[in-house]
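**Student:** pasting the structure only:
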């Protein structure tokens with residue numbers, strides 16, 4: 001199993017030829033999640049050859065345009081494509097009015113149900129859960145109410161040691177699920193066979209954290225401790241730290257500090273100010289503190305495997 005992250009856009013407010021506004025497509029445990037939806041996201045989804053029919057959950061960090069202006073267009077396209085399954089949209093309080101008013105004034109109709117989960121808590125909370133994945137908010141510090149998101153695989157089933165299982169004829173196929181779920185096996189004579197003698201450890205559960213937009217906020221570190229892959233905004237170089245604080249953003253150095261404190265596996269930086277023509281200066285600053293820093297590419301795919 002793996003996490004696959006496609007960077008659809010990583011620029012700040014003004015789109016550029018080689019970097020669209022923020023949007024990401026995350027595949028985890030065979031689920032597909034769209035994170036933020038800046039202007040032009042659906043074009044980038046086409047360029048990435050994403051399957052629109054698999055997108056049923058969208059997570060919006062905040063209501064600034066470079067993170068949400070592509071949403072109504074994507075919803076319209078879903079309608080034209082005949083989408084029938086519900087679309088779940090997670091975002092700040094106000095996102096429902098933001099979308100429904102546009103649908104109202106354009107006299108658009110949806111062939112599918114829009115289900116909104118509006119967020120207002122300043123504490124981390126579980127906002128999505130199924131049998132394989134959990135999604136938690138990461139409260140951030142921007143100019144308006146903003147959340148990042150932590151995507152975590154649940155503990156996976158243990159793997160059967162078939163050679164060991166075959167030594168006990170009493171164990172039948174109908175017992176396999178109990179073994180995968182960690183239960184010991186009790187023989188008819190009362191002897192208990194410990195689960196670890198019949199199974200192997202499960203594949204490692206993976207996690208991804210998205211943190212944008214935000215000022216430097218070290219109190220998020222416990223929430224994202226040991227995350228496998230971290231995306232953290234790095235709008236400015238540290239020489240413009242005061243401007244970062246004023247505008248509600250972070251520097252590349254600060255993003256790296258968060259990654260180091262969290263013991264992240266890898267760090268992707270983004271949301272760069274348009275003042276920088278060469279983004280490598282931001283990577284260089286971050287890499288001085290956190291070596292495993294990645295400079296994203298538009299439509300770049302970044303994958304983490306459970307066996308790594």
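**Tutor:** Done, it's in. A quick note: this is a predicted structure, and the numbers were derived from the prediction, not measured.
**Student:** in the protein, which spans are helices?
**Tutor:** 41-47, 65-68, 71-80, 95-105, 162-165, 176-180, 241-247, 252-262, 280-287 (DSSP state H).
**Student:** just say which of these is most tucked in.
**Tutor:** Neighbour counts (mean count of other C-beta atoms under 10 Å) averaged over each of the helices of the chain peak at helix 252-262, with a mean of 24. Backbone N, C-alpha and C define where each C-beta goes, glycine included.
**Student:** give me the angle between that one and helix 280-287.
**Tutor:** Angle, helix 252-262 to helix 280-287, by axes from the mean of the first three to the mean of the last three C-alpha atoms, to 10 degrees: 30 degrees.
**Student:** contacts for helix 252-262?
**Tutor:** Helix 252-262 is contacted from outside by 209, 211, 216-218, 220-221, 224-227, 230, 232-234, 236-238, 241, 244, 250, 264, 267, 269, 282-283, 285-290, 292-293, using C-beta atoms under 8 Å, 6 or more residues apart in numbering.
**Student:** give the contact list for residue 87.
**Tutor:** Counted by C-beta under 8 Å, 6+ apart, residue 87 has contacts 55, 56, 57, 58, 75, 78, 112, 113, 114, 115.
**Student:** for residue 263, same thing?
**Tutor:** Here residue 263 is in contact with 225, 226 (C-beta under 8 Å, 6+ apart).
**Student:** how about a cut-off of 6 Å?
**Tutor:** The neighbourhood of residue 263, defined by C-beta atoms under 6 Å, 6 or more residues apart in numbering, consists of residue 226.
**Student:** do the same with residue 269
**Tutor:** Applying C-beta under 6 Å, 6+ apart, the residues contacting residue 269 are 234, 252, 255, 286.
**Student:** rerun at 10 Å
**Tutor:** 10, 212, 230-235, 250-252, 255-256, 259, 279, 282-283, 285-287, 290, 293-296 (C-beta atoms under 10 Å, 6 or more residues apart in numbering).
**Student:** over to residue 193?
**Tutor:** Under the criterion of C-beta under 10 Å, 6+ apart, the neighbours of residue 193 are 164, 165, 167, 168, 170, 171, 179, 184, 185, 186, 187.
**Student:** now with 6 Å?
**Tutor:** Applying C-beta under 6 Å, 6+ apart, the residues near residue 193 are residue 185.
**Student:** would you mind measuring from it to residue 213?
**Tutor:** 53 Å (C-beta to C-beta, to the nearest Å).
**Student:** also residue 225?
**Tutor:** Going from residue 225 to residue 213 by C-beta to C-beta gives 22 Å.
**Student:** between these two, who's got more neighbours?
**Tutor:** A count of neighbours by other C-beta atoms under 10 Å puts residue 213 above the other of residue 225 and residue 213, at 27 against 13.
**Student:** ok, for that one, nearest residue in space, not its chain neighbours?
**Tutor:** Spatial nearest neighbour of residue 213, excluding adjacent residues (C-beta to C-beta, 6 or more residues apart in numbering): residue 142 at 4.6 Å.
**Student:** and the one you found, what are its phi and psi?
**Tutor:** phi -120, psi -170 (degrees, to the nearest 10).
**Student:** let's see the pLDDT reported for it.
**Tutor:** Residue 142 is assigned a pLDDT of 98 by the prediction.
**Student:** picking up where we left off before, buried subset of the contacts of helix 252-262?
**Tutor:** Buried subset of the contacts of helix 252-262 (neighbour count, 16 or more other C-beta atoms under 10 Å): 209, 211, 216-217, 220-221, 224, 227, 230, 232-234, 236-238, 241, 244, 250, 264, 267, 269, 282-283, 285-287, 289-290, 293.
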